[in-house]
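In: I would like the atomic coordinates for the input below:
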Amino acid sequence: MAYSSSTRDFVALSDLHPNLARPNVIGVVIGKTDVRGFPDRKNIGSERYTFSFTIRDSPTYFINVNSWGREDYIRSLSESFRVGDCVTIENPLVQSKEAEREEKFNPVTPSCYKLLLSENHSVVKTSSCYEMDTKLLSLLHLPVKDPQDYYSLGDIIANGQSLDGRILNVLAAVMSVGEPKYFMTSDKRKGQRCEVKLYDETEMSFPIVCWDNESIQLAQSWIPRETVIFASDVRINFDKFRNCMTATVISKTIITTNPETAEANVLFSFIKESAQSGALHDKMEDQSKGCINLETVVDIYTVEQLKEKALQSDGKLEPVYGIIYGYISTLDIDDNASKVIRNRCSICRFIVNEMSNTCTFCSDVSSYSKSTFSSFDILVDLTDHTGTLYSCYLSDCVAEETLGCTVHEFLALAEDKKTALKWQLLLERSKIYFKVTLSPSWRTGLKVNVLSCKLADPREASQSLLGKEIGNKRLHY
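Out: Predicted coordinates:
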């Protein structure tokens, strides 16, 4: 089989073999890795650069393409196309692949071969899929694995640590896409990270982490609560720090956005029905109260230690969970209610636009099913004997538990009662669970979320101040 264009014939990927003279192929890019550099063993002190990608020209056939060469050539070639583009390749070298070794780090393909690109002899061009063959576009929505061969998010969580380190497939909807975080590695290389939250009928919040630019750029195109993905060959791990299962996009992974399969259609229907019925909000609310197991948070910090940890992180601080024995030093709840209460979307629980009172995430859902609810969103200062953390978030259910009242009960209080409530909490020695993340856009550079704030046991608090061990907890001095 061969594809034709006005200028040349293309060999079908399934017909490739090493004896072909100057073959030309065409395909849609379904996977791609970042550019990497390696020491050149032939030229000591210099580096060779490489990246790989995967092209597909039929529902059943796709092949890996590798390119090596000078940095300028490799970076220029890599930047000339993205996942989803259609490319033509002239005169690649067709080479037999060592499946066991190569498929450990590359996507598993049905081909016995791989393509190698030469700077001097091969040419890669980006073409409009419409100009070549419109059938190629539809291939972007076909998973590379059996569409029934996947784990639900609930299955992964139920199996727990027995799946740690396993490579498997996931079909899920996108709940949210985080902002990319950029950092410098210990060997002075630039790094990046982006976390996406997935959900399905069995689980409402499951993290999948992207570490490479290609998958991060792809993730930025996903629409929360609309996009469904089939991620083949992701690595599953148990995150000891967060005490939960996670997925990671690796070099073997190929992600199919909005797959056209019966299984995906069921999930699309679930998304739509959940949004319209409000069931999505109900499940998110249930999980928001229990998504972090405070019993697993045992590390005790002082304010000074937290600030030092942030300064020493070189901009790549992972979220830090811990405990501070301190007190709330600023709590302005008796000034203006509009400063401490915000409206959230009843469907997705995100804070809505104050001017229009509409949710930017659920704007496509019919208005009859949309509503908002009032929620605490308070900025507090946390202080201990070493310093103060300014503008920390005390919000939603945690705020209600700390204040001892709901939003409606708070609004019904007279001003003097609000002031009395304020002084009941201010300057009281408390055991405060927190989550800290680096946030350059935040006024202090650190974004602190309070996970729990309750009066501390006096003996426990004094022991922590003296730097003694408390049960199994570790003090960071």
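In: where along the stretch 301-450 of the chain do the strands fall?
Out: 320-330, 341-345, 372-384, 387-395, 430-438, 446-455 (DSSP state E, counting those that start in this stretch).
In: Mean pLDDT lowest where, among these?
Out: Lowest mean pLDDT within the strands of the stretch 301-450 of the chain: strand 341-345, at a mean of 79.
In: which residues touch Thr437?
Out: Neighbour list for Thr437: 317, 319-320, 446-447 [criterion: CB atoms under 8 Å, 6 or more residues apart in numbering]. Just so you know, the C-beta spots here come from the backbone N, C-alpha and C atoms, and that holds for glycine as well.
In: Give me the distance between it and Val320.
Out: Counting by CB to CB, to the nearest Å, the separation of Thr437 from Val320 is 8 Å.
In: and if you look at Val398?
Out: To Val320, Val398 is 17 Å away according to CB to CB.
In: what's the answer for Asn243, then?
Out: From Asn243 to Val320 the distance is 14 Å (CB to CB).
In: more crowded one of these two?
Out: Higher neighbour count among Asn243 and Val320: Val320, with 19 against 13, using other CB atoms under 10 Å.
In: check contacts around the more buried one.
Out: 301, 306, 309, 435-437.
In: confidence score at the spatially most central residue of the chain?
Out: By CA atoms, centre = their mean, the chain has its centre lying nearest to Glu195, at 1.5 Å. We have a pLDDT of 92 for Glu195.
In: helix/strand/coil for the residue nearest to Leu153 when sequence neighbours are not counted?
Out: Nearest residue to Leu153, sequence neighbours excluded (CB to CB, 6 or more residues apart in numbering): Glu203, at 3.7 Å. Counting by DSSP: H, G, I helix; E, B strand; the rest coil, the backbone at Glu203 sits in coil.
In: burial count for Glu203?
Out: As a burial measure, Glu203 scores 19 neighbours (other CB under 10 Å).
In: and what of Leu427?
Out: 11.
In: ok, what's across the strand from the closest residue to it other than its chain neighbours?
Out: Sequence neighbours aside, Tyr327 is the residue nearest to Leu427 in space, at 5.1 Å (criterion: CB to CB, 6+ apart). Beta bridges link Tyr327 to Thr383, judged by DSSP bridges.
In: Does Tyr327 touch Lys454 like I think?
Out: No: using CB atoms under 8 Å, Tyr327 makes no contact with Lys454, being 11.9 Å away.
In: list the residues that contact both of the two?
Out: By the contact definition CB under 8 Å, 6+ apart, Tyr327 and Lys454 are jointly contacted by Ser430.
In: These two - which one has more neighbours?
Out: Neighbours were counted for Tyr327 and for Lys454 using other CB under 10 Å; Tyr327 has more, 19 against 12.
In: Report the contact partners of that one.
Out: Counted by CB under 8 Å, 6+ apart, Tyr327 has contacts 382-384, 426-430.
In: Stretch 403-417: how far from the chain's middle?
Out: Distance of stretch 403-417 from its chain centroid, counting by CA atoms, centre = their mean, to the nearest Å, is 37 Å.
In: correction: stretch 68-88
Out: 25 Å.
In: List the buried residues in that stretch.
Out: 68-69, 74, 77-78, 81, 83, 85-88 (16 or more other CB atoms under 10 Å).
In: Looking at these, which is nearest Leu389?
Out: Val83 (41.0 Å; CB to CB).
In: pretty sure that closest one is in a strand, no?
Out: No: Val83 sits outside any strand when classified using three-state DSSP, being coil.
In: For the residue lying farthest from the centre of the chain, list the residues it contacts.
Out: Distance from the centre of the chain peaks at Asp416, with 44.8 Å (CA atoms, centre = their mean). Applying CB under 8 Å, 6+ apart to Asp416 gives no contacts.
In: remind me, longest helix of the protein?
Out: helix 262-277 (DSSP state H).
In: Quick one: list the elements packing against that one.
Out: Packing partners of helix 262-277 (3 or more CB pairs under 8 Å, 6 or more residues apart in numbering; DSSP states H and E): strand 167-177, strand 228-239, helix 279-288.
In: who's in contact with Val28?
Out: By CB under 8 Å, 6+ apart, the neighbours of Val28 are 55-57, 84-87, 129, 136-137, 139-140.
In: Three-state assignment for Gln161, please.
Out: Going by three-state DSSP: Gln161 is helix.
In: now it, nearest residue through space, not along the chain?
Out: The nearest residue in space to Gln161 (CB to CB, 6+ apart) is Phe238, at 4.6 Å.
In: Who does the one you found form a beta bridge with?
Out: According to DSSP bridges, the partner residues bridging Phe238 are Met245.
In: how about it, what does it touch?
Out: Contacts of Phe238 by CB under 8 Å, 6+ apart are 160-161, 163-164, 244-246.
In: Please apply the same query to Val144.
Out: 30, 56, 62, 107, 232, 254, 256.
In: from these, which single one is nearest Phe268?
Out: Nearest member of these to Phe268, counting by CB to CB, is Thr256, at 13.8 Å.
In: And the pLDDT for Gly178?
Out: For Gly178, the predicted pLDDT is 86.
In: Measure how buried it is and give me the count.
Out: Residues lying near Gly178 (other CB under 10 Å) number 16.
In: For it, give me its contacts.
Out: 194-197.
In: same deal with Arg48?
Out: Here Arg48 is in contact with 37-40, 68-70 (CB under 8 Å, 6+ apart).
In: With pLDDT, secondary structure and distance to His121 added, can I get those residues in CSV?
Out: Below are these laid out as CSV (pLDDT from 0 to 100; DSSP: H, G, I helix; E, B strand; the rest coil; distance: CB to CB, whole Å):
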residue, pLDDT, secondary structure, distance to His121
Gly37, 88, strand, 22
Phe38, 84, strand, 22
Pro39, 82, strand, 25
Asp40, 78, coil, 20
Trp68, 91, strand, 13
Gly69, 90, strand, 11
Arg70, 90, coil, 15
